[in-house]
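[1] Build me a model:
(one chain, ligands or ions: 2)
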Amino acid sequence: MPHPKLLRRALRASRRALSSRSQRNHSRLVARLLRREIRFRRARRIAAYWPADGELDPRPLLEDAFTDGKAVYFPVLGKRIGGRSRVKLRFVRWIAGETMRPNHFGIPEPTRRGRHIRPARHLDLILVPLVGFDSACNRIGMGGGYYDRTLAFLKARRYWRRPRLIGLAHECQRIERIEPRPWDIPLDAVVTERRIYVGSPPDRQIWLRDRSHLS
Ligand SMILES: Nc1nc2c(c(=O)[nH]1)N(C=O)[C@@H](CNc1ccc(C(=O)N[C@@H](CCC(=O)O)C(=O)O)cc1)CN2
Ligand SMILES: Nc1ncnc2c1ncn2[C@@H]1O[C@H](COP(=O)(O)OP(=O)(O)OP(=O)(O)O)[C@@H](O)[C@H]1O
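    Ligands and ions are numbered 1, 2, ... in the order given. This is a model prediction of the structure:
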């Protein structure tokens with residue numbers, strides 16, 4: 001595998017190179033695939049992200065979420081220590097149309113705090129942005145380790161109730177194999193414009209109900 005920095009750069013360039021028409025199509029197709037899934041339909045609290053740098057746009061899916069009365073959250077970075085944020089993400093409730101403010105990386109964040117903030121473990125579903133993935137649902141992110149640190153609690157033990165982690169991506173972000181590092185948190189599924197990839201064995205049944213034609 002090439003050096004991680006070069007790999008990230010190439011994958012980021014490939015998602016940025018998609019036309020805005022493909023971008024729109026892909027996010028509509030992803031929404032169409034995921035909205036039928038029980039893991040999405042049952043979820044009451046969903047975290048998404050504000051798309052940047054060619055990332056798959058989760059907003060068509062969020063329209064479904066609002067229609068269904070789900071609560072939608074966006075990640076916010078914690079306070080910076082020594083110039084670099086080394087802390088975990090927290091999730092702030094978002095109301096459509098609400099003012100956003102760019103964070104340290106220029107990505108818009110909701111501005112409300114206080115009782116609108118929730119830790120990751122209170123969420124039912126987390127839509128995770130990614131730079132690269134493989135068919136086993138291993139993930140490469142932007143390299144800050146934010147999602148890995150935020151979700152590290154999932155490694156400590158098995159939870160009966162825990163947030164399900166769904167990566168959203170373009171098919172061009174898939175690579176043959178990602179060797180997971182010890183701190184990497186595997187995703188439960190990755191959804192692209194083409195199909196749903198299912199990761200962890202405990203969840204296979206629920207995702208693969210009637211899609212045997214795909215695997
Ligand atoms: N849309 C979106 N929101 C997100 C993430 C994400 O991947 N996508 N994150 C997922 O973790 C967190 C932010 N993490 C990020 C980590 C690095 C860079 C980034 O652009 N890094 C620059 C160098 C930045 C600098 O130091 O000034 C780069 O790599 O070019 C952006 C976001 C939380 N919010
Ligand atoms: N649970 C953890 N505890 C301590 N450090 C961690 C943990 N998870 C990740 N890190 C640190 O974060 C750094 C970046 O991790 P990695 O390259 O996996 O980021 P990423 O998953 O690609 O990015 P992101 O999650 O922000 O999109 C690593 O060098 C690692 O030291």
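[2] Please, which helix or strand holds the closest residue to R139 other than its chain neighbours?
    In space, R139 comes closest to L130 once its chain neighbours are excluded; the distance is 4.9 Å by CB to CB, 6 or more residues apart in numbering. For the C-beta atoms, the positions are set from N, CA and C on the backbone; glycine is no exception. Using DSSP states H and E, no element contains L130; it sits outside every helix and strand.
[3] neighbours of the residue nearest to P75 when sequence neighbours are not counted, just the number please.
    Leaving aside its sequence neighbours, P75 sits nearest to L89 (CB to CB, 6+ apart; 4.2 Å). Using other CB atoms under 10 Å, the number of residues around L89 comes to 22.
[4] So which bits of the worst-scoring helix or strand of the chain on mean pLDDT are buried?
    Within the chain, no helix or strand scores below helix 204-207, which has a mean of 73 by mean pLDDT, DSSP states H and E. Buried residues in helix 204-207, counted by 16 or more other CB atoms under 10 Å: W207.
[5] I figured the residue nearest to P75 hits T150, correct?
    Yes - using CB atoms under 8 Å, L89 makes contact with T150 at a distance of 4.4 Å.
[6] what is in contact with those two at once?
    P75, A120 (CB atoms under 8 Å, 6 or more residues apart in numbering).
[7] any idea how far the spatially most central residue of the chain lies from ligand 2?
    Centroid-nearest residue in the chain, with CA atoms, centre = their mean: V128, separated by 0.9 Å. Counting by CB to the nearest ligand atom, to the nearest Å, the gap from V128 to ligand 2 is 8 Å.
[8] where does I46 land in three-state SS?
    strand (DSSP: H, G, I helix; E, B strand; the rest coil).
[9] what about it, how many neighbours?
    Neighbours of I46 using other CB under 10 Å come to 25.
[10] In terms of pLDDT, where does it sit?
    We note a pLDDT of 98 for I46 in this prediction.
[11] cool, S215 as well?
    So S215 comes in at 49 (pLDDT).
[12] Can you report how many residues lie near R149?
    16.
[13] these two touch, right, it and K88?
    Yes - in this structure R149 lies within contact range of K88 using CB under 8 Å: 5.2 Å.
[14] Lovely, talk soon.
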